[in-house]
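J.: give me a model of this one.
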Amino acid sequence: MGESVSVSDEIGAPAMDARERPIGERIYGWLNDIFSGSICGLLSILFGISYAALIFAGPLAPGLSTGLAATFLTTAIAALVVALRSSMPFMIAGPDSSTSAVTAALSAALAHQMITDGVGGGALIGPALMIIAMGSGISGLFLCLLGLARAGRAIRFIPYPVIGGFLGATGVLIVSGSVQVMTDHKFALANIEALTTPQSMAKILAGIAIAATLLVARARFKSAFTLPTVLAGAVALFYVLLAAASVPIADAQAAGWTFARQSPVAISIPWTADALMRFPWAAMPSLLGDMLAVMFVTTISALLNTAGIELATEREANLNRELNALGAANLMSAVIGGYVSCMSLSRSTLAHAAGATGRLAGITVSVIAALMLVVDPAFLAFVPKSVLGGLLLYMGIDLLYRWLVQSARRLMLTDYLSLLAIVAIIFFWGFVFGVIFGIVTGCATFALSASRVNAIKFSFDGRSYRSSLDRGGRDLAILNDNGSELQGMALQSYLFFGSANGLYQHIKGLIAANTNCRFLLFDFRLVTGIDSSATHSFNQIKLLAGRNCVSLVLVNMSEDIRRAFQIGGLLGDDVILGDDLDHALEHCENIIIQRHRAVADDRETFIDWLGTALRDRRFAETLAQHCRRIEVSANALIATQGAPSDSMHFILEGRIGVVVNIGQHRQVRVRSLGEHTTIGEMGLLTQQPRSANIVAEANSVLYELSADSYARLMADHPALTQALLTYVITVMGERLRFASQAIGILQN
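T.: Got it, this is the predicted structure:
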């Protein structure tokens, strides 16, 4: 809807317009389309007759001829609209087994309600056609909304057991409906005597034999003519047996082996003022569940059938465009009194296998269906019910096998039991209860599965995982001794009542095991969302932390999570908020270091620091004589990326950043170094050009050891040089150890 479509439009087709192809090739393509469309048209007629018999059965049987007209009209509209609008030119649409089954349930529910109110006979037909058209209309509207909103992939969010349960239930409905078509008795416990009479059993066995023949023949022969050949043979065999038994056709009709003679009907739109006045609107609330079932089954059938056609034909469909096309077809069908349609997996793949490449195949199906509107429906009096019942039984068994048998190998036991429960509930109590049960079990299954996902991606403390700020040996020693005062967790997934409560229980044990804990840090970078019940658990965590003098630190919070915490009253002056994990870690580390650093040792001289680092004060004094003291202000450039490495720097005070140019005038800070650390030592030793810019991040005091001074130290003071190299190797080893430890935490 809203897209221009050419007759030759085809996903994956060559860019050459159809009119540019040689005339002979174009004619050959048209003949292929007409041939494949004729085959699919014949199948559509056979299926359509069986669907009409399924829907207009029991108390609605007097309207079978009207149902036939509605079926052919629906097929003509759906095949034409989808053929012209589909992203797959060979797509065939029309009434489908699953959608017809739920449509039959909808019309039967209305008929039952009207019979209960004392209305019967021919008075049921008009309202039944109207409720069927309503189901088509609401389905068409919903499909168009999905297509326009580009929400076709929403099917991925419906639990598989719910989908399987609904389609499995339609298979059960088709099987039970086939019994009613063959015997004129509803498949129910109350009718067990009527269903077990010799005549009824003979009809059922005949239908079973035809269904079994279809199953075996379709499995063995892949020809497009297998199904119509078996059905034609079954009809011929029926009349051969009648002749052999000397049973007149009139007697077979009277015994219910064929349909009653149907009178021709004129096509009329059901939306007349008189029909609207006579419609039992009071019954609508009780029919709402069945209406929603028609919409739901039509939607999932369209999406699943399209996916199956993609797989079978190795073509890619524009799913939203398919929804728009099918939605438009169903809306048009509803306006003129037809019922719901769907893309046909079997007929579309058959058309493709038979050589269809263009839209003429679907147009041919539409023409054949339209021609059936002028055929006298009296021909049904010569169609054996067991043949149509066997065809329905075959389709129902096929659905049951796909969704109840094959699913057993693909699902866990709990999911499979849920699927079976949905099927049973829909069959015995209707789609309303099936929908409710499906929603409840789907939510419960999701909650149970999600609660098994650990909310904590990884845990750490201040000893094993630190900020990117390189610190001196004295500060590192403090963090190694007291880093357990910082306990951190990187959270993940969606946090709700199950996972958040598990997190609260974990925090209780964590604080009990680490009585010296002073900071509890939560990283929300991998959290996709949070609900109100989870904020309750965090309130419990906050109260627990307050009682134990622990500060909460929250980092990487999205706007939605921050808003949820704000509404829940979690944010306040007693909670530390950070934009990123690195700066939050640095903040907590600074507080821990300040708390444990001796006041007398607050400021060490350069010689004091080097004396400890080189383990010899005389080495420190000599090294200091070869260094140049530099005082730099914040943002000052100390060294440039790519320049010769002609010096190293000892950072006495302040803070230095390592910044890399990444092109297009952009820079990235990769490290930060604090007091009592060194920078440039590897460049000095390897004589490789500098790999990054060195920038002062704060007012700093540095001591620079030039390459020339280092060369003189090597010549004049080899022991000092050896001590300096040992110190550099120790620093590099510490950095490597910490990096390996951090990687191990992330991997685990």
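J.: hmm, who's touching stretch 683-691?
T.: Judged by Cβ atoms under 8 Å, 6 or more residues apart in numbering, the contacts made with stretch 683-691 from elsewhere in the structure are 639-648, 660, 680, 682, 705, 707, 710, 725, 728. The C-beta positions use only the backbone N, C-alpha and C, and glycine is treated the same way.
J.: now the buried members of those.
T.: In terms of neighbour count (16 or more other Cβ atoms under 10 Å), the buried residues within those are Ala639, Ser645, Asp646, Ser647, Met648, Gly680, Leu705, Tyr710, Val728.
J.: kindly reformat those as TSV containing distance to Leu585.
T.: TSV is the format used below for these (distance: Cβ to Cβ, whole Å):
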residue	distance to Leu585
Ala639	27
Ser645	30
Asp646	34
Ser647	30
Met648	27
Gly680	25
Leu705	30
Tyr710	34
Val728	25
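J.: and the residues you listed, which of them are in strands?
T.: Mapping these onto strands (DSSP state E) picks out Ala639, Ser647, Met648, Leu705.
J.: how about a markdown table for the buried ones among the contacts of stretch 683-691, with pLDDT and distance to Tyr494 added?
T.: Conversion of these to a markdown table gives the following (pLDDT from 0 to 100; distance: Cβ to Cβ, whole Å):
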| residue | pLDDT | distance to Tyr494 |
| --- | --- | --- |
| Ala639 | 88 | 47 |
| Ser645 | 87 | 49 |
| Asp646 | 88 | 54 |
| Ser647 | 90 | 52 |
| Met648 | 90 | 49 |
| Gly680 | 87 | 46 |
| Leu705 | 91 | 54 |
| Tyr710 | 89 | 56 |
| Val728 | 86 | 47 |
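J.: how about Asn320, what does it touch?
T.: When contacts are taken as Cβ under 8 Å, 6+ apart, Asn320 is in contact with Leu146, Gly147, Leu148, Arg150, Ala151, Gly152.
J.: what strand or helix carries it?
T.: Following DSSP states H and E, the helix or strand that holds Asn320 is helix 319-335.
J.: now that helix, how far from the centre of its chain.
T.: The chain centroid and the centroid of helix 319-335 are separated by 23 Å, computed with Cα atoms, centre = their mean, to the nearest Å.
J.: roughly how far apart are Ala692 and Met732?
T.: The span separating Ala692 from Met732 equals 16 Å under the rule Cβ to Cβ, to the nearest Å.
J.: more crowded one of the two?
T.: The neighbour count for Ala692 versus Met732, taken as other Cβ atoms under 10 Å, is higher for Ala692 (22 against 12).
J.: low-confidence ranges, the stretch 251-400 of the chain, go.
T.: Segments of the stretch 251-400 of the chain classed as low confidence (criterion: pLDDT under 70) are 265-266.
J.: all helices of it, in order?
T.: Read by DSSP state H, counting those that start in this stretch, the stretch 251-400 of the chain holds these helices, from start to end of the chain: 273-278, 284-313, 319-335, 345-353, 360-371, 385-400.
J.: in the helix or strand encompassing Tyr51, what counts as buried?
T.: In this structure, Tyr51 is located in helix 23-55 according to DSSP H and E. Of the residues in helix 23-55, 29-30, 32-55 count as buried by neighbour count, 16+ other Cβ under 10 Å.
J.: which strands or helices does the helix or strand just after that helix pack on?
T.: Scanning the chain past helix 23-55 towards its C-terminal end, the next helix or strand to appear is helix 64-85 (assignment: DSSP H and E). Secondary structure elements in contact with helix 64-85, counted by 3 or more Cβ pairs under 8 Å, 6 or more residues apart in numbering; DSSP states H and E, are helix 23-55, strand 93-94, helix 125-148, helix 319-335, helix 360-371.
J.: over to Lys457. Which of the three states is it?
T.: With DSSP: H, G, I helix; E, B strand; the rest coil as the basis, Lys457 sits in strand.
J.: got the phi and psi for Arg463?
T.: Dihedral angles phi and psi of Arg463 (degrees, to the nearest 10) take the values phi -80, psi -30.
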